[in-house]
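Student: Output the structure for:
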Amino acid sequence: MKTNKPTRTEWAEYWQRHPMRYEVPGHSTADRDFLTDTRSMKKEIARIRRANGEFRNAAEKLINTGPAVTVFGSARFKPSHPYYKMARRVGKELAKAGFATMTGGGPGIMEAANRGAHEAGGASLGLNIILPHEQAANPYVDQSIEFEYFFTRKTCLVKYSCAFIVMPGGLGTMDELFEAATLVQCGKIGPFPIILMGTEFWQGMREWGAKLKEVGVFTAEEVEFGYFTDSPKEAVDFILASLPEPLRPHPPGSAVV
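Tutor: Next up, the predicted model:
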């Protein structure tokens, strides 16, 4: 009976069609060197310098940004999709409240949130990842910062934000959600609110979370920073109510006391 797990033969065929992006230790055999590559301190130091350069570049451009809210979500939703329209309204509400809207800079949900912020006259930022198929920055960002490494980009998406709105998405969105949630839970950031938009989409996550709570891997108090809603205005109101006064923005046109 055929299962959904790839066989050893299928894996072998895969590696014949795709390069192996992994460096083996320097004492590897000549055959393995030919098929892959070997590690060296020179390469490792070069990578550290590139990563440090990305952090420095982002710091120079984002040092005066804020307060900002990062919007995570799938790159695959088109403008006609309800989730795209919801994210566009999210960007608009963030701008009306005085927040800068920060995204991964690409299409789909990211474009929608940037678009809403841009159309409402708010700051719209994109931290774009350089991919083999060249994900270009969407046309609604005021400032685009390019990253080669996912981890440097994700660090900056978290570091320069005081709240997170998570729209429906796939593996990348889940990665970003759990990264932010773990940092808040462990007291490394915040505590900053995390809003999951699209209650129907996240219903399975809520049920799974309840099961994890029953098992005892976390308590309700440890995840009370999370909030589910379908309303962009409710999401932004929750953020405003959750932040201490020094972190709250001043909406456009309001008097600064």
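
Student: Going along the chain, name the helices of the stretch 101-250 of the chain.
Tutor: Under the criterion DSSP state H, counting those that start in this stretch, the stretch 101-250 of the chain carries helices at the ranges 109-119, 150-159, 171-185, 203-215, 232-242.

Student: Dump these to CSV, plus distance to residue 74, mean pLDDT and mean neighbour count.
Tutor: Where you see a C-beta, it was placed from the backbone N, CA and C, and this is true even at glycine. Putting the helices of the stretch 101-250 of the chain into CSV (distance: least, C-beta to C-beta, whole Å; pLDDT from 0 to 100; neighbours: other C-beta atoms under 10 Å) gives the following:
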stretch, distance to residue 74, mean pLDDT, mean neighbour count
helix 109-119, 5, 97, 28
helix 150-159, 15, 95, 19
helix 171-185, 6, 94, 17
helix 203-215, 15, 91, 11
helix 232-242, 17, 95, 19
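
Student: Export those as a markdown table, with columns for distance to residue 192.
Tutor: Output for the helices of the stretch 101-250 of the chain, formatted as a markdown table (distance: least, C-beta to C-beta, whole Å):
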| stretch | distance to residue 192 |
| --- | --- |
| helix 109-119 | 17 |
| helix 150-159 | 9 |
| helix 171-185 | 6 |
| helix 203-215 | 18 |
| helix 232-242 | 8 |
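
Student: residue contacts, residue 152?
Tutor: Shown in contact with residue 152 (C-beta atoms under 8 Å, 6 or more residues apart in numbering): 51, 54-55, 58.

Student: Spit out the contact partners of the spatially closest residue to it that is not a sequence neighbour.
Tutor: Excluding the flanking residues, the one nearest residue 152 by C-beta to C-beta, 6 or more residues apart in numbering is residue 54, at 4.3 Å. Contact partners of residue 54, counting by C-beta under 8 Å, 6+ apart, are 147-149, 152-153.

Student: now, the most widely separated pair of those residues?
Tutor: Largest separation among those by C-beta to C-beta: 148 and 153, giving 8.7 Å.

Student: Overlap in contacts, those two.
Tutor: Common contact partners of residue 148 and residue 153 (C-beta under 8 Å, 6+ apart): 54, 129.

Student: For residue 65, which of the helices of the stretch 101-250 of the chain is the nearest?
Tutor: Comparing the helices of the stretch 101-250 of the chain by C-beta to C-beta, helix 150-159 comes nearest, at 10.2 Å.

Student: any idea of the angle that closest one forms with helix 171-185?
Tutor: Interaxial angle, helix 150-159 versus helix 171-185 (axes from the mean of the first three to the mean of the last three C-alpha atoms, to 10 degrees): 50 degrees.
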